[in-house]
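Chemist: Build me a model from this:
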Amino acid sequence: MARIGFIGLGVMGAPIAAHLARAGHDMTVHNRTAARAEAWVAAHGGRAVGSPAAAAADADMVLTCVGDDDELTDATLGGQGALRAMRAGALLVDHSAVSARLARQLAVEGKERGVLVVDAPMSGGQPAAERGTLSLMCGGTKAAFAAAEPVLRCYAARVVHIGRPGAGQQAKRIDRVATAGIVAGLSEAIALARASGLDLDRLFEAMSGGAASSWFLENRWATMTAGRYDFGMAVDLMRKELALALDEARVAGTPIPVAALVDQLYGEVQARGGGQDDNTALLRRYDR
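Modeler: Modelled structure (predicted):
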């Protein structure tokens, strides 16, 4: 059993922390909205504290799952940041979707304090977090990954060490580039099928057994064709991650024009008030 400090109890963080509590770990949690932390403790046990530093004090391992670079910087390096309170030999694992630059900075700051650091962004969304079947893309030293992996297995079905610090965040950007292209292609396919007057159920049956089959086809065809988008990873978050991917591409000197175009299409969905809809709401752009 490890003493774990968990920071960020949103739609992903709360179920992840719950898996850790059920696995028998000693949980201390913090959330910017204190009421959410108190509600989590009422449901799962442990302790709620008022700052990231308090969550990190005496912890063997600290996990962060927050919104963006600014929030993660504040949660780790701020005046009440977790990294400032962590003891030498402890482990920091970040599940946030942030820049690879910040992930590398945290690794450097951690090394100076004798803290092992892993960047471990996630794929699979809220349903996978609740089931404990996330896919994690990890960056960090071999020693840091080896220390983190047994705990990560409490809520992830696939845990892959991609490479050096920041490589996990880079991998997540690449995952999002691929996802954007798939969602755009599926949206156009459904729009064309409707315009052609085809039976969508029969079309799905045919496509799901062929080369067009994908996770999105199997899991989102029904919701997309029904116009249901009140769940899942929001368009706003997809655009945030695509912006990070486009920045990575500029640094690498590798054009990604399809991702850039899909980002613009998502911008149209945002402009029509769909920023909080699931990212498959890209189909709405074709429903006008």
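Chemist: what about the nearest residue to residue 144 once chain neighbours are set aside, distance to residue 210?
Modeler: In space, and not counting its chain neighbours, residue 144 is closest to residue 116: 3.9 Å by CB to CB, 6 or more residues apart in numbering. (C-beta placed from N, C-alpha, C; glycine too.) Going from residue 116 to residue 210 by CB to CB, to the nearest Å gives 45 Å.
Chemist: Also residue 13?
Modeler: Counting by CB to CB, the gap from residue 13 to residue 210 is 38 Å.
Chemist: Looking at the two, which is more packed in?
Modeler: residue 13 (23 against 8; other CB atoms under 10 Å).
Chemist: what sits against the more buried one?
Modeler: 6-7, 31, 65-66, 95 (CB atoms under 8 Å, 6 or more residues apart in numbering).
Chemist: and what of residue 145?
Modeler: With CB under 8 Å, 6+ apart, residue 145 has these contacts: 118, 138, 161.
Chemist: Tabulate those (TSV), appending secondary structure and distance to residue 108.
Modeler: What follows is the contacts of residue 145, written out as TSV (DSSP: H, G, I helix; E, B strand; the rest coil; distance: CB to CB, whole Å):
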residue	secondary structure	distance to residue 108
118	strand	14
138	strand	17
161	strand	19
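Chemist: Can you add neighbour count, distance to residue 82 and pLDDT and give those residues back as a markdown table?
Modeler: Shown next, in a markdown table, are the contacts of residue 145 (neighbours: other CB atoms under 10 Å; distance: CB to CB, whole Å; pLDDT from 0 to 100):
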| residue | neighbour count | distance to residue 82 | pLDDT |
| --- | --- | --- | --- |
| 118 | 30 | 14 | 98 |
| 138 | 24 | 19 | 98 |
| 161 | 20 | 23 | 98 |
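Chemist: Check those residues against residue 197 and report the nearest one.
Modeler: Nearest to residue 197 out of the contacts of residue 145 is residue 138 (CB to CB; 47.3 Å).
Chemist: Name the residues linked to the closest one by a beta bridge.
Modeler: residue 161 (DSSP bridges).
Chemist: ok, it to residue 246 distance?
Modeler: Counting by CB to CB, the gap from residue 138 to residue 246 is 23 Å.
Chemist: what are the ranges of the helices in the stretch 151-288 of the chain?
Modeler: Here the stretch 151-288 of the chain has its helices, by DSSP state H, counting those that start in this stretch, at 167-195, 200-207, 215-226, 235-252, 257-271.
Chemist: Rebuild those as TSV, extending it with mean neighbour count.
Modeler: Putting the helices of the stretch 151-288 of the chain into TSV (neighbours: other CB atoms under 10 Å) gives the following:
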stretch	mean neighbour count
helix 167-195	19
helix 200-207	14
helix 215-226	16
helix 235-252	18
helix 257-271	16
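Chemist: Buried residues, stretch 48-55. List them.
Modeler: 48-49, 51-55 (16 or more other CB atoms under 10 Å).
Chemist: avg pLDDT for that stretch?
Modeler: The average pLDDT within stretch 48-55 is 98.
Chemist: Same check on stretch 190-209?
Modeler: So the average pLDDT for stretch 190-209 ends up being 96.
Chemist: What are the structural domain limits within this structure?
Modeler: According to automatic domain parsing, the chain comprises the domains 3-164, 170-286.
Chemist: Nearest residue to residue 156 in space, please, no chain neighbours.
Modeler: residue 134 (4.3 Å).
Chemist: oh sorry, the question was meant for residue 153
Modeler: residue 159 is the one closest to residue 153 (CB to CB, 6+ apart), at 6.3 Å.
Chemist: And for the one you found, the neighbour number?
Modeler: Count around residue 159 with other CB under 10 Å applied: 19.
Chemist: Equivalent analysis for the one 3 residues further on, please.
Modeler: Using other CB under 10 Å as the criterion, residue 162 is surrounded by 21 other residues.
Chemist: Report the contact partners of it.
Modeler: 137-139, 168, 170-171.
Chemist: Residue 129 now?
Modeler: 11-12, 15-16, 122, 155.
Chemist: before we move on, back to that, just checking, the residue nearest to residue 156 touches residue 123?
Modeler: Yes: in this structure residue 134 lies within contact range of residue 123 using CB atoms under 8 Å: 7.1 Å.
Chemist: Those two: which is more packed in?
Modeler: Neighbour count, other CB under 10 Å: between residue 134 and residue 123, residue 134 has more, with 26 against 18.
Chemist: Regarding that one, what are the backbone dihedral angles?
Modeler: phi -60, psi 160 (degrees, to the nearest 10).
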